[in-house]
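Engineer: the following block contains a protein sequence and its predicted model.
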Amino acid sequence: MAQVRERGARYGKALAALGAASVLTAGAAVAAGPAAAATTAAPAAQAGGARYVALGDSYTSGPGIPEQTGGDCARSSVNYPALTAAKLGQKSFQDVSCSGATTDDMWNTQAGAAGPQLDALGKQTRLVTVGIGGNDIGFGTIIGSCAALSPTDPAGAPCKKQYTAPDGSDLLAQRINDAAPKIAKVLKAVHERAPYAKVALVGYPSIMPDNGTSCFPSVPIAAGDAPYLRDTEKSLNAMLQQQARAAHVRYVDTYGPTVGHDVCVPAADRWIEGATPESPAAPFHPNAKGEAAMAGAVYGVVRG
């Protein structure tokens with residue numbers, strides 16, 4: 001038990017103390033080797049915007065998956081935007097996704113990025129995919145907290161308890177509600193800057209087992225926190241789907257196609273890596289198979 005407690009504390013400190021952006025970039029450098037550590041700037045926006053522009057955070061960029069590009073933004077050459085562009089035969093393509101991005105980074109220059117992500121859009125843009133929202137609710141810190149707390153009550157739900165307010169309300173549910181207008185603002189800005197583009201808002205894949213089980217201690221999440229985190233992610237995706245509907249854009253469900261390939265399944269079937277990735281990827285993020293599955297879901301929605 002002492003070793004389990006130490007492991008949970010180690011994962012928790014790594015994920016919570018460093019924060020989402022630095023954890024993802026560090027994970028990319030370790031998993032992918034020297035290519036991930038390169039510090040090349042994102043390509044400058046093309047005049048009028050590329051035909052296909054991808055915006056988003058680390059679930060879009062694919063930190064740790066070879067070959068890494070985009071410097072500190074940790075983009076993979078086989079992330080779902082790149083694979084979607086290839087499936088569409090789209091050569092006019094720009095991926096400005098960046099690990100650690102929040103909705104604010106659509107307008108602000110993020111560390112390691114060439115400029116605000118929205119600056120890549122233009123009147124020539126005909127397709128935009130957007131994958132954002134997880135960092136707005138503090139996903140990296142949440143996972144770090146849950147990992148650190150899991151050894152204190154592996155059969156219970158210490159993380160759920162931490163995120164329950166004195167009045168019994170769910171603090172993470174409130175964060176999701178608070179993020180909704182931010183997503184709406186992003187989608188409105190995309191329409192304004194790329195008025196002729198087809199827009200797709202991309203949800204998050206299945207991270208924890210859909211059946212609510214835990215695989216503690218191999219993944220340091222307590223038994224009661226596994227369904228709590230699953231339900232929190234489902235609530236986040238539901239909010240994203242609602243905002244997509246309200247903005248009259250397409251929503252891409254990447255959760256359904258990845259069920260059964262979560263952090264707890266054997267490595268051969270795993271598309272989302274756990275706290276200690278066995279395939280090149282950042283912790284609790286898609287590996288190459290996961291990005292390919294997400295690309296399939298995106299392509300199914302945006303083709304034509």
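Structural biologist: Arrived safely, thanks for sending.

Engineer: what is the mean pLDDT for stretch 136-154?
Structural biologist: The pLDDT scores in stretch 136-154 average 97.

Engineer: flag every buried residue along it.
Structural biologist: 136-151, 154 (16 or more other C-beta atoms under 10 Å). All C-beta atoms are positioned from the backbone trio N, CA, C, and that covers glycine.

Engineer: that one: how far from the chain's middle?
Structural biologist: 16 Å (C-alpha atoms, centre = their mean, to the nearest Å).

Engineer: what is the end-to-end distance of that stretch?
Structural biologist: Start to finish, the residues bounding stretch 136-154 are 28 Å apart (C-alpha to C-alpha, to the nearest Å).

Engineer: what element comes up after the worst-scoring helix or strand of the chain on mean pLDDT heading to the C-terminus?
Structural biologist: Ranking every helix and strand in the chain by mean pLDDT, DSSP states H and E puts helix 34-37 at the bottom, with a mean of 29. Using DSSP states H and E, the helix or strand that directly follows helix 34-37 along the chain is strand 52-56.

Engineer: neighbouring strands of that following strand in the sheet, and parallel or not?
Structural biologist: Using DSSP bridges, the strands paired with strand 52-56 in its sheet are strand 93-95 (parallel), strand 127-131 (parallel).

Engineer: mean confidence score for the longest one?
Structural biologist: This points to strand 127-131. The predicted model assigns strand 127-131 a mean pLDDT of 98.

Engineer: quick one: secondary structure of the residue nearest in space to the middle of the chain?
Structural biologist: Centroid-nearest residue in the chain: residue 59, 2.9 Å away (criterion: C-alpha atoms, centre = their mean). State at residue 59, reduced to three classes by DSSP: H, G, I helix; E, B strand; the rest coil: helix.

Engineer: and the helices in the stretch 151-300 of the chain?
Structural biologist: Remark: helices assigned in the stretch 151-300 of the chain by DSSP state H, counting those that start in this stretch are 158-162, 171-193, 225-246, 288-302.

Engineer: out of those helices, which gets nearest to residue 266?
Structural biologist: The closest of the helices of the stretch 151-300 of the chain to residue 266 is helix 288-302. By C-beta to C-beta, the value is 12.8 Å.

Engineer: done for today, thanks.
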